[in-house]
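Trainee: Provided below are the primary sequence and the corresponding predicted coordinates.
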There are 2 protein chains.
Amino acid sequence: MKLYSYWRSSSSYRVRIALHLKRIPFEYEAIHLLKDGGAQNAPDYREKNPGRTVPMLEWTDGGELRRLSQSMAIIEYLDELHPEPPLLPRDPLGRARARMLAEIPNSAIQPLQNLVVIKKVKAELHGDGQAWARSWNERGLEALEATARPFAGRYCIGDSLTIADVFLVPQLYSARRFGVDVSRYPTLARVDAACAEHEAFQRAHPDRQPDAEP
Amino acid sequence: MKLYSYWRSSSSYRVRIALHLKRIPFEYEAIHLLKDGGAQNAPDYREKNPGRTVPMLEWTDGGELRRLSQSMAIIEYLDELHPEPPLLPRDPLGRARARMLAEIPNSAIQPLQNLVVIKKVKAELHGDGQAWARSWNERGLEALEATARPFAGRYCIGDSLTIADVFLVPQLYSARRFGVDVSRYPTLARVDAACAEHEAFQRAHPDRQPDAEP
């Protein structure tokens, strides 16, 4: 399997965590989102992934080339094909809650603070891109803290890792970059610290990727 | 089951489609997102759903009150509990592709054009909210058209309805409201027309809801 990734992309970071948790070996293909107008906008990449996003997973299956984009779809797929360790609880309500918590970074925070959006806020609306990104992180993390609190144990849902943790840790990494004080979200900060002890989370960290910059 | 919904909310519309497709009876509780600062921001709703979003599903389960927000999590839950008709293909790759296509509206279009974001663009950045919403719809639908084309039959993935269609139809409804010419996306427009023939999609349409306004 080959993962098209950018070191600081929080969506790529999610898939890296899932791959390492499941001990799936993969080749790392760096897509520089900033240099020369962004490698994701180059015609050859765009042909592979019209969404012009990372992450994208690529593999061959009985001689056929397969490609999959969108971190949530990729992680659900990996969890179906490589069920151990599971990233979703066994019971439907637990699974639903894990997905609900993952959806807050996935659809209520990250989309509003990704590079393309910040660029548009700055270039077209002459706004402060950092302040924009910070405010959506704060609003979303406040919601996530309150939503997760009743379910959290060592991790977001009780004491087993789930997809909720896989989405939380990269979001807190982004939030810090935008100047958010994550200690204001004590449940999330505590879960983040617990995840950081796992080798899989450590190996997936942006600073450990081949395309990391000083 | 009770669904907290707003007639024009595209995320609520997705869940209404799923409920009607699966013939699950539900009570409709309207949350007016605009009047008096928005019912979603009232303390009693915020306590139920700290994310201040619709849709939210509420039910009792052995005497216990349960609540679930986030349309993707709700729909996956409904599909697990009420498997007929299935909203995901049987094979893992098909399931992954359906989720990938659903993720484009879910995490690349709708979050950028929801009411809260448009409000911020207008009030804080003095931008044109309609133009902002239109541009993200166009960018996202272009990606969705190109991504869906190789898999589409009568519907987004072959000839069976999936979660990809459940997310597509409400997005095209929103796109039209923002002035997007959806005929520019021939695959999507064709699938939309096929979905419109289903009673479940008709019953879920914004204009058919109890809180619809003329």
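Mentor: Now that the structure is in, tell me what you want to look at. Numbers count the residues shown, from 1 in each chain, chains lettered A, B, ... in the order given.

Trainee: Domain boundaries for chain A, per the record?
Mentor: In terms of domains, chain A is parsed into A:2-84, A:92-200 (source: automatic domain parsing).

Trainee: which regions of chain A sit below the pLDDT cut-off?
Mentor: Applying pLDDT under 70 to chain A picks out no residues at all.

Trainee: buried residues in the top helix by length along it?
Mentor: Identified as the longest helix of chain A according to DSSP state H is helix A:129-148. For helix A:129-148, the neighbour count (16 or more other CB atoms under 10 Å in any protein chain shown) marks A:129, A:132-148 as buried. Glycine gets a C-beta too; all of them are placed from N, C-alpha and C.

Trainee: Other residues contacting it?
Mentor: By CB atoms under 8 Å, 6 or more residues apart in numbering or on different chains, the surrounding residues in contact with helix A:129-148 are A:100-101, A:104-105, A:108-109, A:112-113, A:117-119, A:121-122, A:156, A:164, A:168, A:171-172, A:174-175, A:178-180, A:182, A:184-188, A:191, B:49-52, B:69, B:120.

Trainee: returning to that earlier point: could the domains of chain A be laid out in JSON lines, adding distance to residue B:25?
Mentor: JSON lines is the format used below for the domains of chain A (distance: least, CB to CB, whole Å):
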{"stretch": "domain A:2-84", "distance to residue B:25": "29"}
{"stretch": "domain A:92-200", "distance to residue B:25": "19"}
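
Trainee: secondary structure element for residue A:57?
Mentor: Secondary structure assignment for residue A:57, by DSSP states H and E: strand A:56-61.

Trainee: next one: residue A:68
Mentor: strand A:64-69.

Trainee: Contacts for that strand next, please.
Mentor: Residues outside strand A:64-69 that contact it (CB under 8 Å, 6+ apart) are A:48-49, A:51, A:53, A:55-60, A:74, A:77, B:93, B:96-97, B:100, B:147.

Trainee: Buried residues in that strand, which are they?
Mentor: Neighbour counts over strand A:64-69 (16+ other CB under 10 Å) mark A:68, A:69 as buried.

Trainee: Counting by contacts, list what the next helix or strand after it packs against.
Mentor: For strand A:64-69, the succeeding helix or strand toward the C-terminus, using DSSP H and E, is helix A:71-81. Under the contact definition 3 or more CB pairs under 8 Å, 6 or more residues apart in numbering or on different chains; DSSP states H and E, helix A:71-81 sits against helix A:10-21, helix A:163-177, helix B:92-103.

Trainee: and stretch A:21-38 with chain B, contact?
Mentor: No - Stretch A:21-38 is not in contact with chain B by CB under 8 Å from any CB of the partner chain; minimum separation 14.0 Å.

Trainee: just stretch A:176-193 next, same as before
Mentor: No - residues of stretch A:176-193 are not located near chain B by CB under 8 Å from any CB, the shortest gap being 11.8 Å.

Trainee: and that stretch, how far apart are its ends?
Mentor: The straight-line separation of the ends of stretch A:176-193 (CA to CA, to the nearest Å) is 14 Å.
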